[in-house]
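> Could you look at this predicted model? Sequence included:
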Amino acid sequence: MNSLRLFLAAAVITLAAALAGCKSDSTTEPTPPDPTPTSIAEAEPNDATPQAVGTLRDSAIVVSGTSANGSDIDKYSFALPAQRSFSASISWSGGADLNLGVANGSGILMAYRDTGGNPENCTLTAMPQGTYVLQVLQASNQSQAYRITITPR
């Protein structure tokens, strides 16, 4: 009889513990990643010192900018909080020929795209935690608005 009471008491406690975790106001549920990209506008000057655009987590970072002429180099830095893959692309509408480079925090160029096409894309795989810098250059000599998208992979 005592073993039956112990068994029933244990069953009631287990059931109560299981139900406690099912409350609708439970704070233990993970928050789903925000699929909305972070949108940022270019802030000049960003030729010598990169403009910081944030940390790449679970949603894309989108930057809108303008390349003023052939000698204008726009730079944007972002952080990777852990090892991960990412892609960076630049797109525009107009007659300019824009190019995209990706450098690590030490300034070493990791990827560069100058295909003459639109968009230009760079994908880097299993990159270590750290700071990365995107560089926008152009082969033409005209003012050109553009959009950069940095996407986690």
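Looks like it came in fine.
> can you give me the helices for the chain?
Secondary structure of the chain (DSSP state H): helices located at 2-20.
> distance of the residue positioned nearest the centre of it from residue 122?
Residue closest to the average C-alpha location in the chain (C-alpha atoms, centre = their mean): residue 56, at 3.1 Å. Distance of residue 56 to residue 122, computed by C-beta to C-beta, to the nearest Å: 14 Å. (Each C-beta comes from the backbone N, C-alpha and C, glycine too.)
> again, but for residue 42
Here the criterion is C-beta to C-beta. By it, residue 42 lies 19 Å from residue 122.
> tell me which residues of stretch 113-131 are tucked away?
For stretch 113-131, the neighbour count (16 or more other C-beta atoms under 10 Å) marks 113, 119, 120, 121, 122, 124, 127 as buried.
> quick one: contacts of it?
In this structure, residues lying in contact with stretch 113-131 by C-beta atoms under 8 Å, 6 or more residues apart in numbering are 77-92, 97-102, 104-105, 110-112, 139, 153.
> quick revisit: test my guess that the residue nearest to the centre of the chain contacts residue 79.
Yes: the criterion here is C-beta atoms under 8 Å, and residue 56 meets it with residue 79 at 7.0 Å.
> for this structure, what helix or strand is lowest in average pLDDT?
helix 2-20 (a mean of 38; mean pLDDT, DSSP states H and E).
> picking that back up, what pLDDT does the residue nearest to the centre of the chain get?
For residue 56, the model assigns a pLDDT of 97.
> again, but for residue 23
At residue 23, the model reports a pLDDT of 37.
> quick one: which of the contacts of stretch 113-131 sit in strands?
Counting by DSSP state E, these place 77-80, 84-91, 98-102, 104, 110-112 in strands.
> And the pLDDT at residue 70?
Model confidence at residue 70, given as pLDDT, is 89.
> neighbours around it, how many?
The number of residues packed near residue 70 is 14, by other C-beta atoms under 10 Å.
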